[in-house]
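1. Just a sequence and a predicted model for now, questions to come.
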Amino acid sequence: MNTGVLVHGCNLGAENWRYVAWGDAPDNYGRIPMGVLLALETRASVIVFGTGASQKDYRFPDSDKFGQSLYESEYAREYLDTHFENLSHFNIFKNRLGRICDAAGCGELKSFVFDRLQVETASRNTIDEVRNAGEIFLKHDVERVIIVSSPSHVIRAFRDAISIFHGDRRFRSFRDNLWAVPSITCYEGSTVDDVVVIEPPHRPDRHVIPTHRRIQRMLNLQKLPYERLVAFIEEFDDLLQRYEHELYG
C-alpha cells in the first residue's frame, strides 16, 4: 500500500521551535523524528514537510543553507539533514528501527528518506497544508495518509484532513485510510489537556443549543486589533464569572 506521510510545519517564531519540531532525546521525540520513523516503517512513497507563513534564517552549521531565509518546511529539512545521525539518540528509534544506530544503515535510511522527501512552501495555514499535501499524494498514487503533529495540534489537523479529503472526490483513493499520529512534544507551556473540543450537540440527555457556533464566532475575533481583543476577553470573563456564580455559588 502506497503511504504518504505529512509532517506538519511548526511556526519558526514559536517558543523553543527545536523542542517542538525535533524534541529532546531519549524519549521526548518531536514531529520530525516521528514522521521519519513512520515513513521508514511503512516504506512510504512520499514524505511531505508542510509549511506556513513563517520564515527564518538558518543558523545551524554544517549546511550550505546557513544564513539563508527558509520557510518552515525548508528549515525542517535542513535540520533533519544536519542532525539525521542524532535520531539514534531517541529510544523509539533504537527499539523500533535498530539499524539507525549502525553507520552503514544510517546512510541507507537517510537516502531512503531524502529520496522521498518533498518540502511544500505555498501553504499559509493548516487547511492549505493538508490540501497541498493531498495534491502531492495524488501524484504518488497514495492510498494511505499519515498525519504527524504535536499532541495539542494533531486533533485539529486531523479534523481539517477529514474535511478536505472527504469533501473532495479527487482524494477518494486515501480518504478512507487516514491516520493521525502525535509526537510527544507540545508547544511550550501547553499539553494535550489544554485542547478544548467543542462538538455539535448530539446527546438527547443534554441541551441542543448550538454552543459550538458561538465558540467559532468568538475564535474569529482573534483577528481584532490586540487592544480590542483584550477588551473583549475582559468583558467575556466578567460575563462568565457572573453565570459561574449562579451555577457554583
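-> Ah, there it is. Because the structure is predicted, anything quoted here is derived from the model rather than measured.
2. alpha carbons only for contacts and neighbour counts from here, please
-> OK.
3. wouldn't T191 be in contact with V154 here?
-> No. T191 is beyond contact range of V154, at 11.9 Å (criterion: Cα atoms under 8 Å).
4. what packs against the lengthiest helix in the chain?
-> As assigned by DSSP state H, the longest helix anywhere in the chain is helix 226-248. Using 3 or more Cα pairs under 8 Å, 6 or more residues apart in numbering; DSSP states H and E as the contact test, no helix or strand touches helix 226-248.
5. now with 10 Å?
-> helix 211-220 (3 or more Cα pairs under 10 Å, 6 or more residues apart in numbering; DSSP states H and E).
6. Pull the residues that contact the helix it packs on.
-> Residues from elsewhere that reach helix 211-220 (Cα atoms under 10 Å, 6 or more residues apart in numbering): 197-201, 232-233, 236.
7. pLDDT weak spots in this structure?
-> For the chain, the stretches with pLDDT under 70 are 99-105.
8. could you pull out the helices for it?
-> Going by DSSP H, the chain shows helices at 17-21, 31-42, 72-83, 91-96, 103-116, 126-139, 154-167, 211-220, 226-248.
9. before we move on, the earlier item: T191 and V154: who's more crowded?
-> V154 (19 against 15; other Cα atoms under 10 Å).
10. I'd guessed the more buried one sits against Y187; true?
-> No. V154 lies out of contact with Y187 (Cα atoms under 10 Å); the separation is 11.8 Å.
11. any idea which of the contacts of helix 211-220 has the most stuff around it?
-> Within the contacts of helix 211-220, most neighbours by other Cα under 10 Å means F232, with 16 neighbours.
12. quick one: A161 from V197, how far?
-> Shown here: A161 relative to V197, a distance of 16 Å by Cα to Cα, to the nearest Å.
13. same question, R131
-> Taking Cα to Cα, one finds R131 at 22 Å from V197.
14. same question, G98
-> 38 Å.
15. Surely L37 touches L97?
-> Yes. Counting by Cα under 10 Å, L37 touches L97, with 7.9 Å between them.
16. Which neighbours do these two have in common?
-> With Cα under 10 Å, 6+ apart, L37 and L97 have no common neighbours.
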